[in-house]
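*Asks:* Sequence plus the predicted model coming up.
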Amino acid sequence: MSTRTNPYESEPEKAQAYELGYLAGFQDPAGNDEDFRPLAPDLLDIYVEGADAGREDAHAPPSADPQKQWVDRAELAAHSESDEELQEHITSFIVFKALELLLRKTIFGLVDLVITALGIQGNVSPEQFRALDDDFETRTTTPPDDSIVYVAACARGDHAMVTANVSADGSWIGTPSGNIEGALQSVLRHEHREAFVARCDVRRKTCSPVWLARDPQ
């Protein structure tokens, strides 16, 4: 996993533009970085900078094993006509932590939704959650765990407010799923390249963006 940090972390508006660009470039390296109209010209430049960084990381291995390779979003989209087809295609893949860049408010929003959707009782708050360990990995075939959910989300603030699951700030969060293919389908069907998948574990109190990698073995 890349240890890259957001160079605009102290400037929230610029940090988010960089973050969104990174997500787009990482998951969809062949996409058009200039096609993001809601951003002002100076923020668009930062978005493109983030996209270049994401594209660079997408071509680097997700772990110390150089044989492993991140899977391109376009490849997953080509096998997403049905949940069954996608599930079969990703059977041999590995889930890795994708990045550390996401702003805390994005993760807080995800965790808050998960807590509500799962009906978690007691004194549990988003602030108690931490990022996954940098060396985290798990097989897509790992049996389901009631404490683990995968959530599709998009931090762009220009979603139509009439769209389902859109927050007051214009960001979008999908319905939590017990498996990664459910969240992946939501990402692949979403209108924006910046949509991503997060893995949240309510027992261990971790939540981070994740993506799939191919294991040639």
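*Replies:* Arrived safely. Just so it is clear, the model here is predicted, and its values are computed rather than measured.
*Asks:* Please look at Gln87 and Glu181 and confirm they touch.
*Replies:* Yes. Contact criterion CB atoms under 8 Å: Gln87 and Glu181 qualify, at 4.8 Å. The way it works is simple: take the backbone N, C-alpha and C, and place the C-beta from them, glycine included.
*Asks:* the more surrounded of these two?
*Replies:* The neighbour count for Gln87 versus Glu181, taken as other CB atoms under 10 Å, is higher for Glu181 (24 against 18).
*Asks:* wait, isn't the more buried one in contact with Leu86?
*Replies:* Yes. Between Glu181 and Leu86 a contact is recorded at 5.0 Å, counting by CB under 8 Å.
*Asks:* Run through the residues that contact Asp146.
*Replies:* By CB atoms under 8 Å, 6 or more residues apart in numbering, Asp146 lies in contact with Gly178.
*Asks:* spatially speaking, which residue is in the middle of the protein?
*Replies:* The centre of the chain sits closest to Phe196, judged by CA atoms, centre = their mean, with a distance of 2.8 Å.
*Asks:* Show the average pLDDT along stretch 52-69.
*Replies:* Across stretch 52-69, the average pLDDT comes to 88.
*Asks:* Pull out the buried residues from it.
*Replies:* Residues of stretch 52-69 classed as buried: 53-55, 57-58, 62-63, 68-69 (neighbour count, 16 or more other CB atoms under 10 Å).
*Asks:* now, which of those residues lie within helices?
*Replies:* Per DSSP state H, helices hold the following members of the buried residues of stretch 52-69: 53-55, 57-58.
*Asks:* Most widely separated two among those residues?
*Replies:* Greatest spatial distance in these: Ala53 and Ala58, 9.7 Å, computed using CB to CB.
*Asks:* For these two, list the residues in contact with both.
*Replies:* Joint contacts of Ala53 and Ala58 (CB under 8 Å, 6+ apart) are Gly25.
*Asks:* Now do the contacts for Glu84.
*Replies:* Applying CB under 8 Å, 6+ apart, no residues qualify as near Glu84.
*Asks:* For Glu181, see how far away it is.
*Replies:* Separation of Glu84 from Glu181 (CB to CB, to the nearest Å): 9 Å.
*Asks:* and if you look at Asp134?
*Replies:* 24 Å.
*Asks:* one step back: name the nearest of the ones in helices among the buried residues of stretch 52-69 relative to Leu212.
*Replies:* Relative to Leu212, and with distances defined as CB to CB, the nearest of those is Ala58, at 11.8 Å.
*Asks:* got the contact list for Met14?
*Replies:* Let me fix one detail, which is that residue 14 is Lys and not Met. Taking CB under 8 Å, 6+ apart, one finds 8, 43, 46 in contact with Lys14.
*Asks:* Was I right to think Glu9 contacts Ala15?
*Replies:* Yes. Here Glu9 reaches Ala15: they are 5.3 Å apart, a contact under CB under 8 Å.
*Asks:* I'm done for today, thanks for sticking with me.
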